Each structure stands twice: as C-alpha cells, then as structure tokens.
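Q: need a structure here:
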Amino acid sequence: MSAIGPRTIPSAYFAKGEACARHRAEGHAERVRYAFVAEHRGQFSVRAMCLCLRIQPSGLAAWSKAPSSKHAREDARQTELLKVA
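A: This next block holds a predicted model:
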C-alpha cells in the first residue's frame, strides 16, 4: 500500500487556504530536517543524511547561510534572559 503524501493529492481536494497551510507545513518539516543534519554532522555523513531525509545538500548550505528570523532571534534572547534569572 502506498502512502498518500502532499505531492500526490491534487490541490483541488483542499479548501481555499488549505493548500497554503500545507506548503507552510512542508517548509517547516524541511527546516527540521536541515537542523537535524546540522546537529548530527559529526556523527554521520552529510551526504548520507541528506539522501535518507530526502533533502538537497545545496538546500542545506543555503539554510545554514540564511540569517535567523526575527522570531528566532527573539526566542534566543528570551531564553538567555531566563537562564540569567
């Protein structure tokens, strides 16, 4: 039995706005995969992890060079404030 993934379901089956939410979720999952690869770079081959996680090494490089979002910077700032308190 084959799994039904987001790429196999035509967008006509989604209500207006659902397709956008689906794409945002895919982007989040991809960022989680990139973070996993970055965290485990010393334990496993980057090429092997990219292959297993179905991400492109070039996408990993672009992700690692991209600046942090405003939200991520604010989260880090608040985390540091909590550690000090």
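Q: Pick out the residue closest to the middle of the protein.
A: Closest to where the C-alpha atoms of the chain average out (CA atoms, centre = their mean) is residue 31, at 1.5 Å.
Q: quick one, what contacts that one?
A: Residues near residue 31 by CB atoms under 8 Å, 6 or more residues apart in numbering: residue 63. C-betas here are computed from N, CA, C, even on glycine.
Q: Which strand or helix spans it?
A: Per DSSP states H and E, residue 31 falls inside helix 18-39.
Q: Over to residue 81?
A: Going by DSSP H and E, residue 81 is part of helix 70-84.
Q: immediately after the helix-or-strand element of the chain with minimal mean pLDDT, which helix or strand?
A: The helix or strand of the chain with the poorest confidence is helix 18-39; it has a mean of 77 (mean pLDDT, DSSP states H and E). Elements were assigned by DSSP H and E; along the chain past helix 18-39, the next helix or strand is helix 46-53.
Q: which secondary structure elements does that following helix contact?
A: For helix 46-53, the elements it packs on are helix 18-39, helix 57-65, judged by 3 or more CB pairs under 8 Å, 6 or more residues apart in numbering; DSSP states H and E.
Q: Relative to residue 49, which of those is closest?
A: Closest approach to residue 49 among the helices and strands packed on helix 46-53 (CB to CB): helix 18-39, 4.7 Å.
Q: Please list all residues in contact with residue 80.
A: Under the criterion of CB under 8 Å, 6+ apart, residue 80 has no contact partners.
Q: Use 885 as the first number for this chain going forward.
A: Got it, the first residue is 885 from now on, which makes the last one we talked about residue 964.
Q: Now do it against residue 922, distance only.
A: Residue 964 sits 20 Å away from residue 922, going by CB to CB, to the nearest Å.
Q: Equivalent analysis for residue 940, please.
A: Distance from residue 940 to residue 922, counting by CB to CB: 14 Å.
Q: repeat for residue 928
A: Per CB to CB, residue 928 is found 12 Å from residue 922.
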